[in-house]
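Enquirer: Quick one: sequence plus predicted model below, questions after.
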Amino acid sequence: MSPHYKLIYFNARGRAEHIRFIFAYAGVEYEDERISREKWPEVKKRMPFGMLPVLEIDGKAVAQSNAVARYLARQYGLAGRNEWEALQCDVLVDTLGDLKQVLAQFRMEQDPIKKEEKKARLMRETIPFYLSKFEKMLSENNGFSVGSDITWCDFVFAVSLENFEHIFGKAALDQYPALKALKIKVYNIPSISAWVGKRPTTES
Amino acid sequence: MAPLYKLTYFDGRGFAESARFLFKYGNIDFEDIRIKRQDWPKMKNMLGTPFGQVPVMEHNGKQICQSAAICRYLGKMVNLAGNNDWENLEIDSIVDTMNDLRMKIMLVQWEQDAVKKRELKDTVLEEIVPYYLARLEALVEKNKGNLAVGRLTWADLYFVSMSPGFDAFIGGDTFAAYPNLKLLRDKVETLPGIKEWIENRPNSDF
């Protein structure tokens, strides 16, 4: 019998969406709990390290979105065929995480001049640096981020690429055809498409 | 015979020390390559760094970056991983948590505005670090002296390898008021392989 899963996060895609994609793909039921801003201070105190997302598995609370995603990927055949492929999933997810960290720092910057400088650097150097490397890896790997089948890494990428399009516009991925194709491939998977069609619409 | 593994990083502990601890604990021969600051700009864009960052582990001609990914893999090799997916989940969760703490400290160090830096440092020192240490202390007590699954795992080595960095930030012994964390550090630092490594490793500021 399947464990009882409760995913706790804000009403957003954010750091939880790739986990929701895994559940959708695997056809696994779960409680998709979304915490409002008003309720957050109270909920925060009950979370293991005061942060979200948290996945409760049969009542046990587990923090850290990628630890949770990796675990679920192993349960539902989305972690690659062997340890080396599992390692490659980790490498790509964490590397994408590095890029997201730079983006987050840009968004947190309050000084308008510094913010403009950071933005220029992102657009000119950081984003092209990472995306062109990802693009190369994907096109040399038959369109999957790892191995020869869908892994949780593809979901992490697809979700980030959707966010990227929201921030930079639909045409932003045109210069990265393999990345664009990956996003389309993932979003066309019937179970994913069904989830995206019915999930709450949120800004981020 | 040349070592089967190569680890490339700057000349410091930083993000590579956790992997070095695991290699030493498992008595696995590796080439400990340290790049000098002046050579870094050239190295960064060469083929040896897949995404322009270090540490990079090389094995069988393949390059792998990302310290946590490397350590997860090495952890399995040296029998310091979980016995099943749930145990690995607990380990991963706590490793990512300690990386969150480290990142919050690094954001202070990267802040260039002196006033902001002071404010941010005060917040991190007075609120964030104690918040994490209290929970880590409780977790180690619950887990019989370790960070996860009631026994020694690669999470413990990963954490202790970071602790000199915490000490440098705090300007003292991070675990002074946290007896379980202190015991864990002592335990890991005296493990065979690691004890000798700490005594003989190159000195560095970071």
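Expert: Received it, and whenever you're ready, just let me know what you need. Numbers count the residues shown, from 1 in each chain, chains lettered A, B, ... in the order given.
Enquirer: What parts of chain A come near chain B?
Expert: Taking Cβ under 8 Å from any Cβ of the partner chain as the contact definition, chain A meets chain B at A:48-51, A:62-64, A:66-68, A:70-71, A:74-75, A:83, A:87-88, A:90-91, A:94-95, A:98, A:101, A:105, A:111, A:129-130, A:133. (Each C-beta comes from the backbone N, C-alpha and C, glycine too.)
Enquirer: Just the buried residues from the residues you listed, in PyMOL please.
Expert: A single PyMOL command selects the buried members of the residues of chain A next to chain B (16 or more other Cβ atoms under 10 Å in any protein chain shown):
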select buried, chain A and resi 48+49+62+63+64+66+67+68+70+71+74+75+87+88+90+91+94+95+98+130
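Enquirer: by contact count, what packs against the helix ranked longest in chain B?
Expert: For chain B, the helix with the greatest residue count under DSSP state H is helix B:85-110. Packing partners of helix B:85-110 (3 or more Cβ pairs under 8 Å, 6 or more residues apart in numbering or on different chains; DSSP states H and E): strand A:60-63, helix A:65-75, helix B:67-77, helix B:114-123, helix B:129-142, helix B:154-170.
Enquirer: Including distance to residue A:39, could those go into JSON lines?
Expert: Output for the helices and strands packed on helix B:85-110, formatted as JSON lines (distance: least, Cβ to Cβ, whole Å):
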{"stretch": "strand A:60-63", "distance to residue A:39": "16"}
{"stretch": "helix A:65-75", "distance to residue A:39": "20"}
{"stretch": "helix B:67-77", "distance to residue A:39": "32"}
{"stretch": "helix B:114-123", "distance to residue A:39": "24"}
{"stretch": "helix B:129-142", "distance to residue A:39": "20"}
{"stretch": "helix B:154-170", "distance to residue A:39": "31"}
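Enquirer: Figure out which of those is closest to residue A:20.
Expert: With Cβ to Cβ as the criterion, residue A:20 lies closest to helix A:65-75 of the helices and strands packed on helix B:85-110, at 10.2 Å.
Enquirer: what packs against that closest one?
Expert: helix A:17-26, helix A:83-108, helix A:152-168, helix B:85-110.
Enquirer: Which pLDDT value does the model give the most centrally placed residue in chain A?
Expert: Centroid-nearest residue in chain A: residue A:156, 3.5 Å away (criterion: Cα atoms, centre = their mean). On pLDDT, residue A:156 comes in at 98.
Enquirer: ok, now which ones touch it?
Expert: By Cβ atoms under 8 Å, 6 or more residues apart in numbering or on different chains, the residues touching residue A:156 are A:18, A:66, A:69, A:92, A:93, A:96.
Enquirer: Please state the mean pLDDT value computed over the strand or helix carrying residue B:40.
Expert: Using DSSP states H and E, residue B:40 maps to helix B:40-44. Helix B:40-44 shows a mean pLDDT of 83.
Enquirer: give me every residue that touches residue B:40.
Expert: Taking Cβ under 8 Å, 6+ apart as the test, what residue B:40 contacts is residue B:10.
Enquirer: That concludes my questions; thank you for your assistance.
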